[in-house]
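Q: need coordinates for the below:
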Amino acid sequence: MDVHLLRTFVAVAQRSSFSDAARELGYTQSAVSQHVASLENDLGVALLTRRPVSLTPAGARLLEHARPLLLRMEAARVDVSRPVTSPADHLHWGASPLAVTSRLLEILARLRQDHPGTRITLRVLERAAVAAQIVTGVLDFGVIEGVVASNDPLQLPDIGPLKATVVHEEEVAVLLPAGHPLEGRGHVHLADLSDAQWIDAPEAATPLTHLRNVCGSHPFPGAFSYEGMDVQTVLELAAAGHGLVVLPQSVAARDPRITSVALASPKLVHRTELLYSHTPQGPAEVLVKAFLGDG
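A: Residues are numbered from 1 along each chain as shown. Below you'll find the model as predicted:
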């Protein structure tokens, strides 16, 4: 399977347009059509319908394979061509939303004070994007977080060499508005709340799909969907009574209109991990050591 043909197919599939894919890739529309036709001939199946442009069932299955394959290839290219020593004057960090804590910002400020010639760029991204941009060389390091069972690792895509170090863990709780009937309860069982109204905010709170997975077949209906990454917005929604949400207990303290109830079962923790793909050097090494050794 030719990687150039695969890359063209992914571009067309993501944009549902041969002309838009051609502009992105710098090809003519005719060349894009020929690439997709050649890939279809190679595989012996139709991957796309043409009018309108949409994935066939076979095309949808190939797209699931193609994205991580292309990412893995780019990660390999970056890894083998990475210079032995990288420039230290500009560090690129990525963080998932709840990983942007006062501690992280204090460490970054301390680094800038000790190494005034070093610039720092911080990007807030969803967890998989942080991992992808590290292995492809866009980011030097990342801090990611997520809710998992106490003995389970954070799930990362298999896209290249990644080193993960746990830097913080805390228990999670059900966050709800002050005055809610559950306020004052010592603890709750998550399954007992499966029919409650929930906020579905997969990038800024614990995804409802994860709650369903850990509680079997319980529904956890989403009464309100939020597609952004701003945690404060989730707190505003919870305070206004739009639904319940599972977040670290410390997050509830950010808003006096929010209260929290501990989870008796299942045992879930909010874990923060430091990610990188190559040995840090210079100011980067100082920053990593500070983060791992602080608090």
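Q: going forward, measure contacts between C-alpha atoms and count neighbours the same way
A: Fine.
Q: which helix or strand contains the nearest residue to residue 123 once chain neighbours are set aside?
A: In space, and not counting its chain neighbours, residue 123 is closest to residue 94: 4.6 Å by C-alpha to C-alpha, 6 or more residues apart in numbering. Assigning secondary structure by DSSP states H and E places residue 94 in strand 90-95.
Q: can you pull the buried residues of that strand?
A: For strand 90-95, a neighbour-count test (16 or more other C-alpha atoms under 10 Å) marks 91-95 as buried.
Q: list the neighbouring strands of it plus their orientation.
A: Paired with strand 90-95 in the same sheet, following DSSP bridges, are strand 119-124 (parallel), strand 141-149 (parallel).
Q: returning to what we had before: with pLDDT and distance to residue 290 added, can I get the buried residues of strand 90-95 in a markdown table?
A: Formatted as a markdown table, the buried residues of strand 90-95 follow (pLDDT from 0 to 100; distance: C-alpha to C-alpha, whole Å):
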| residue | pLDDT | distance to residue 290 |
| --- | --- | --- |
| 91 | 85 | 15 |
| 92 | 87 | 16 |
| 93 | 88 | 15 |
| 94 | 92 | 17 |
| 95 | 93 | 17 |
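Q: where does this protein have low pLDDT?
A: Across the chain, residues meeting the criterion (pLDDT under 70) sit at 75, 78-88, 294-295.
Q: by residue count, what's the longest strand in it?
A: strand 163-177 (DSSP state E).
Q: elements contacting that one?
A: Packed against strand 163-177, as judged by 3 or more C-alpha pairs under 8 Å, 6 or more residues apart in numbering; DSSP states H and E, are the following elements: helix 231-239, strand 245-248, helix 249-252, strand 258-265, strand 268-276.
Q: residues contacting the first one, please?
A: Looking back up the chat, that one is helix 231-239. With C-alpha atoms under 8 Å, 6 or more residues apart in numbering as the test, helix 231-239 has contacts from 97-98, 175-178, 199, 201, 204-205, 226, 243-245, 255, 257-258.
Q: and the angle from the strand holding residue 94 to strand 268-276?
A: Strand 90-95 and strand 268-276 are oriented at 160 degrees to each other (axes from the mean of the first three to the mean of the last three C-alpha atoms, to 10 degrees).
Q: if we can go back for a sec, need the winner for burial among the strands paired with strand 90-95.
A: strand 141-149 (a mean of 24; mean count of other C-alpha atoms under 10 Å).
Q: any idea of the angle that one forms with strand 163-177?
A: 60 degrees.
Q: how about the helices in the stretch 1-150 of the chain?
A: Using DSSP state H, counting those that start in this stretch, the helices of the stretch 1-150 of the chain run over 3-15, 18-25, 29-43, 57-81, 102-114, 127-135.
Q: phi, psi for residue 240 please.
A: Here is the backbone geometry of residue 240 (degrees, to the nearest 10): phi -80, psi 0.
Q: show me the contacts for it.
A: residue 177 are the contacts of residue 240 under C-alpha under 8 Å, 6+ apart.
Q: from residue 218, how far off is it?
A: According to C-alpha to C-alpha, to the nearest Å, residue 240 and residue 218 sit 25 Å apart.
Q: residue 147 now?
A: Where residue 218 is concerned, residue 147 sits at a distance of 18 Å (C-alpha to C-alpha).
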